[in-house]
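> Whatever this is, show me its structure:
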Amino acid sequence: YYEQVVHYDPENLHAHRVLQDVYRRRRDWPRLMEAIEQELKEASGARRLQLLHELAEIHLQLGAPSSAEDAWRQALDQDPNWFPAHMGLGQMLDGQGRWRELAEQLSFQLSTLPNDSGQRTSLLGRLAEIYEFRLDLPEKAEAAYLELLSLKEAAPDAIAGLERVYSQTGNWTALVEVLE
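Numbers count the residues shown, from 1 in each chain. A predicted model of the protein is given here:
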């Protein structure tokens, strides 16, 4: 019945949502994706973001990470600060070992957060580790660790990271300052 309603009245949100619930309960992923994509044609605002996120998650479950990435990037095109898309995209890039893209993504996220955000410290720590261990960019790792220390003075991970970076680069003066 609801399939006919959606066919004749594509703007009927109630019918779209009922169909999606039915497909979700049946675990009929292809039809659920089709129903979501149909609603996406009419959706806007927060609902559109939610639909894109759900579509991305389904694509990941079905082993289609490039389609998931497309959905998250569409969400970020609509709202560059939408955290669920940043998280999903970041986790996917991390899982695929796409370190440079992940670093760019984390840097962008950091640029949107206020300095006093609790998320900022965890993102900085993750970014510093990527620069240090995955991309071999000690200067960028140092900058991230220093910013982390400026936000959180007692950050043992940042101090340990700076010790490693300064030892690696032979910056003994800075190493002594960190150790003091």
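
> now the helices for this protein?
Per DSSP state H, the chain carries helices over the ranges 2-8, 13-26, 29-40, 45-61, 65-78, 83-96, 99-112, 118-129, 138-151, 156-169, 172-179.

> Now render those helices as JSON lines, adding mean neighbour count and mean pLDDT.
C-beta here means a position set from N, CA and C on the backbone, and glycine is covered the same way. Below are those laid out as JSON lines (neighbours: other CB atoms under 10 Å; pLDDT from 0 to 100):
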{"stretch": "helix 2-8", "mean neighbour count": "13", "mean pLDDT": "70"}
{"stretch": "helix 13-26", "mean neighbour count": "16", "mean pLDDT": "86"}
{"stretch": "helix 29-40", "mean neighbour count": "17", "mean pLDDT": "90"}
{"stretch": "helix 45-61", "mean neighbour count": "18", "mean pLDDT": "95"}
{"stretch": "helix 65-78", "mean neighbour count": "18", "mean pLDDT": "96"}
{"stretch": "helix 83-96", "mean neighbour count": "17", "mean pLDDT": "93"}
{"stretch": "helix 99-112", "mean neighbour count": "17", "mean pLDDT": "94"}
{"stretch": "helix 118-129", "mean neighbour count": "18", "mean pLDDT": "93"}
{"stretch": "helix 138-151", "mean neighbour count": "19", "mean pLDDT": "95"}
{"stretch": "helix 156-169", "mean neighbour count": "17", "mean pLDDT": "94"}
{"stretch": "helix 172-179", "mean neighbour count": "13", "mean pLDDT": "89"}
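
> my read: M33 touches L55, true?
Yes. Between M33 and L55 a contact is recorded at 6.3 Å, counting by CB atoms under 8 Å.

> S44 and Q78, how far apart?
Shown here: S44 relative to Q78, a distance of 9 Å by CB to CB, to the nearest Å.

> ok, now N12?
In this view, N12 and Q78 are 23 Å apart by CB to CB.

> now L93
Distance, L93 to Q78, by CB to CB: 20 Å.
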